[in-house]
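>>> Provided below are the primary sequence and the corresponding predicted coordinates.
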Amino acid sequence: MNIVGMIPVYNEADIIGSVIEHNLSQGLELVIFDTGSTDGSYEICSRYLGNGVLSLERVASAKFEFSLFSETLYKMALKHNPDWAMWSSADEFHESPYPGMLLKQSVEKEAERGYNLIQFNNFEFWPTECDRDSTESDVRKRLRYYTWNDDCQFHCWKVYDGINVGDGGGHYPTFPKNVPVRLAPTKYVLRHYRIRSYAQGMKKVFVDRLPRYSESERRKGWHLHYDKFESDESFFVIDSRNLNRYEEDGRWVVKKTFDWTGGMQGIPWANPPVPLSRSIRVANRLPFAANVWKRMFLRKHRTPTRVRRSGNRDDEDVQTRN
């Protein structure tokens, strides 16, 4: 099976190499679209061209236009005739929920079972007071504290003619009407490291993102998550008591313990991969839409590998590897 991952990148030099190597180690091939990086990200990506990176394009863009980037990447991927495609931001690591299995092997397993779409639990990692002075270069070893953020991440799918990737804001593909969605019941793991230090976070939010977001996409309800950020360090370095520590043991607390958006997180459902009621579509326009959506709809897709555990907090949802 040929799985092609798609990565857009803009000024992520401190992490993009690790993300590329992770994807290649998981059996994926990649296409990468650089939108005008000035920090050496493009040069790092170019080192892998012909060594797992199938194609690399660069177009300097004054605006962060997600629909354009995703459509361009998908066209790049289709040139290589993939069986499956996977979306990945330049600061994300996708992992199999099955112990000892590469991501590619896990996707093959889902395909053999007749599924064509895979959903991910999104765990957001943050800098804390515990790692302020760390010199560890591997961000996954340096930043150990996280919160579950959402499961509105349908990042991996079987390729069909007519799939649209521009309407989902990087959350999901839109399948053709004649193709039924068969969602794999086991949710996979997404480790997201959007903020990796105070200095990096300040530049990302106030230089590389907020001034560059497309106004037309913001009118859709996209790109609102940084709107309440201020320059105070507390917006970027989070008290570890508000997060969970990951011990690299495959056990994840599937519970939001910290809302880093200040209530500004919405879900850009234009053509969702599964039917939504009108009440859910309305709820998605409101603050904390991810939690509303999860309670009202995705409860019936709960991963069977969750168990209940009592710990320092009240009862918590925990996802463990099978």
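Thanks, I have it. These figures come from a predicted structure and were not determined experimentally.
>>> list the contacts of Glu57.
Contacts here follow Cβ atoms under 8 Å, 6 or more residues apart in numbering; on that basis Glu57 touches Ile32, Phe33, Asp34, Thr72, Met76. Bear in mind the C-beta positions are built from the backbone N, C-alpha and C, glycine included.
>>> distance of it from Trp148?
Distance from Glu57 to Trp148, counting by Cβ to Cβ, to the nearest Å: 34 Å.
>>> now Ser18
As defined by Cβ to Cβ, Ser18 lies at a distance of 22 Å from Trp148.
>>> and what of Val165?
Using Cβ to Cβ, which is the criterion applied here, Val165 is 25 Å from Trp148.
>>> Arg182 and Ile118 touch, don't they?
No - at 10.4 Å, Arg182 and Ile118 do not qualify as touching, with contact defined as Cβ atoms under 8 Å.
>>> between those two, tell me which one has more neighbours.
When Arg182 and Ile118 are compared on other Cβ atoms under 10 Å, the one with more neighbours turns out to be Ile118, at 25 against 13.
>>> quick one, phi/psi of that one?
For Ile118, the backbone dihedrals (degrees, to the nearest 10) come out as phi -120, psi 130.
>>> just the one 10 residues further on next, same as before
When read as degrees, to the nearest 10, the backbone of Thr128 gives phi -140, psi 180.
>>> ok, it - how many residues close by?
Using other Cβ under 10 Å, the number of residues around Thr128 comes to 19.
>>> Leu68 too?
The burial count assigned to Leu68 is 18, neighbours taken as other Cβ under 10 Å.
>>> next, it: secondary structure please.
Under DSSP: H, G, I helix; E, B strand; the rest coil, Leu68 falls in the helix class.
>>> buried stuff in stretch 244-258?
By 16 or more other Cβ atoms under 10 Å, the buried positions in stretch 244-258 come out as Asn244, Tyr246, Gly250, Trp252, Val253, Val254, Lys256, Phe258.
>>> do stretch 2-11 as well
Residues of stretch 2-11 classed as buried: Ile3, Val4, Gly5, Met6, Ile7, Pro8, Val9, Tyr10, Asn11 (neighbour count, 16+ other Cβ under 10 Å).
>>> let me know whether the fourth one touches Ala85 as I believe.
Yes - under the criterion of Cβ under 8 Å, Met6 makes contact with Ala85 at 6.5 Å.
>>> what sits in contact with each of those two?
For the pair Met6 and Ala85, residues contacting each of them under the criterion Cβ under 8 Å, 6+ apart are Tyr74, Ala77.
>>> how close does the residue nearest to Leu73 when sequence neighbours are not counted get to His155?
With Cβ to Cβ, 6 or more residues apart in numbering as the measure, Met6 is the residue that lies nearest to Leu73, at 3.9 Å, once sequence neighbours are left out. Here the distance between Met6 and His155 works out to 10 Å (Cβ to Cβ).
>>> quick one: which of the contacts of Glu57 sit in helices?
For these, the ones inside helices are Thr72, Met76, with DSSP state H as the criterion.
>>> farthest pair within the contacts of Glu57?
Comparing all pairs in the contacts of Glu57 by Cβ to Cβ, the longest separation belongs to Asp34 and Met76, at 11.8 Å.
>>> how many neighbours does the residue lying closest to Arg142 once chain neighbours are set aside have?
Closest residue in space to Arg142, ignoring its immediate chain neighbours: Glu136 at 4.0 Å, by Cβ to Cβ, 6+ apart. Burial measure for Glu136: 11 neighbouring residues, criterion other Cβ under 10 Å.
>>> give me the element Glu136 is part of.
Secondary structure here is read from DSSP states H and E; on that basis Glu136 sits in neither a helix nor a strand.
>>> got the phi/psi numbers for His22?
Taking degrees, to the nearest 10 as the convention, His22 sits at phi -60, psi -50.
>>> what sits opposite the nearest residue to it once chain neighbours are set aside in the beta ladder?
The shortest distance from His22 to any residue that is not its chain neighbour, by Cβ to Cβ, 6+ apart, is 5.2 Å, and that residue is Phe93. Applying DSSP bridges to Phe93 yields these beta-bridge partners: Arg191.
>>> quick one: Phe93 and Ser25 touch, right?
No - counting by Cβ under 8 Å, Phe93 stays clear of Ser25, with 10.5 Å between them.
>>> and those two? Which one has more around it.
Remark: of Phe93 and Ser25, Phe93 carries more neighbours, 21 against 11, as counted by other Cβ under 10 Å.
>>> relative to Lys220, how far out is the closest residue to Ser67 other than its chain neighbours?
Of all residues beyond its chain neighbours, the one nearest Ser67 is Gly166 (4.1 Å), with distances taken as Cβ to Cβ, 6+ apart. Per Cβ to Cβ, Gly166 is found 11 Å from Lys220.
>>> so for stretch 231-242, what gets flagged as buried?
Neighbour counts over stretch 231-242 (16+ other Cβ under 10 Å) mark Phe235, Phe236, Val237, Ile238, Ser240 as buried.
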